[in-house]
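In: just a sequence and a predicted model for now, questions to come.
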Amino acid sequence: SIDNKQYLLPVSFNLPAVVFSAKNEQSIPDTYMLSLEQIRDTAALFNTVKNDDIYTKMGFAPRWIPEFLYQSLKIMGANFSESSDVFSWDTKAVENTVAFLQDWTKNYNTSTTAEQDYQFKYLYTQELDWISSDRSLFTYTTSSELFHLSSEKLDLLDYRWIHNDTTICIDDAIISMGIYKYSQNIPAAEHFIIWFMNEENQKSLLQAKEELNLYTKTFGIADGFSSIQSVNERVYPIFYKNLFGKLPIADYLQPPNILPGKWESIKERVIIPYIVEAVDTTKDEPTTTMHTLVANWKKQFF
């Protein structure tokens, strides 16, 4: 409790990334981060087109993965936040993101139609198989999804965190911890939190998981990077060798704003539909606006 306001303690978080086949490492800028412009330019060099304008290889198309479109909005400053009218956003930043992504499609991948046609050819192929078979250069993922993969698969891949001016936007789904107001044993709960928020104890948890060879699809502490900086810097590389040389600087990490309680629903029914249509180069302008989609969403919940 700070100034009579209650706060949850952050436990773990995840970061957005692009993944590529390790055999293509020489084609990727030698850093642990890539900007949207670097992803676009590097992917475009991978493109291969036949004489009849049919792509035999396409490095990456943002519209293939709606979550990438959403992360692009965040990275370019959409500034989504809870407000009295459900949520607010930076209109100019959203417009700039739409313009950037449309330009990416038009000037680097020909058109939305070309991107869709290429995607349709491999509709039932998993995205990781796209990059391993050189059908595309990049795919999008998060740190938890990436480190859910087996060590055998990880050894064949490489990745870069997505940033803008050295800012890396933390994924919205942060795991937090608090004490239930009516807990029967608040002192014990406090003792557990103090024990848990300790570097050596979190190291012991990861060590026990390793020694017992537990088959769990979780990354690190509570399926993400630890909220304790020293754990990420000194402990995680011991258990996740793929993090060597790629740990982001703490000052670069930007947590999300306070978001509405039904944010996942808003994201799925408002933001994603809007941005998917807005970046479609086959349309002169979107048939609906963000405000219209918000109004339609509110009718279902209020």
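Out: Now that the structure is in, tell me what you want to look at. Numbering: from 1, shown residues only.
In: all contacts plus neighbour counts: C-alpha atoms, from now on.
Out: Noted.
In: so where do the strands sit in the stretch 151-300 of the chain?
Out: 157-163, 168-169, 175-177, 225-226, 253-254 (DSSP state E, counting those that start in this stretch).
In: what's the closest of the ones you listed to residue 300?
Out: Smallest distance to residue 300 across the strands of the stretch 151-300 of the chain (Cα to Cα): 27.5 Å, for strand 175-177.
In: that closest one pairs with which strands, and in what direction?
Out: Paired neighbours of strand 175-177 in the sheet (DSSP bridges): strand 9-13 (antiparallel).
In: who touches the partner strand?
Out: 170-171, 173-178, 221-228 (Cα atoms under 8 Å, 6 or more residues apart in numbering).
In: quick one, whichever helix or strand comes after that strand and strand 157-163 angle?
Out: The C-terminal neighbour of strand 9-13 among helices and strands, as given by DSSP states H and E, is strand 16-21. Angle of strand 16-21 versus strand 157-163, following axes from the mean of the first three to the mean of the last three Cα atoms, to 10 degrees, is 150 degrees.
In: pLDDT averaged over strand 16-21, what's the number?
Out: Across strand 16-21, the average pLDDT comes to 97.
In: next SSE after it?
Out: Following strand 16-21 in sequence order, the next helix or strand is strand 33-35 (DSSP H and E).
In: that next one pairs with which strands, and in what direction?
Out: As assigned by DSSP bridges, strand 33-35 forms pairs with strand 157-163 (parallel).
In: what does the strand it pairs with rub up against?
Out: 15-22, 25, 31-36, 75, 168-169, 246.
In: now do stretch 153-171: distance from first to last residue.
Out: 23 Å (Cα to Cα, to the nearest Å).
In: mind checking how far it is from the chain centre?
Out: The chain centre lies 8 Å from the centre of stretch 153-171; the measure is Cα atoms, centre = their mean, to the nearest Å.
In: sort out which residues of that stretch are buried, please.
Out: 154, 157-164, 167-171 (16 or more other Cα atoms under 10 Å).
In: one more: stretch 129-147?
Out: 130-132, 134-147.
In: same question for stretch 15-31.
Out: Quick answer for stretch 15-31 (16+ other Cα under 10 Å): 15, 16, 17, 18, 19, 20, 21, 22, 28.
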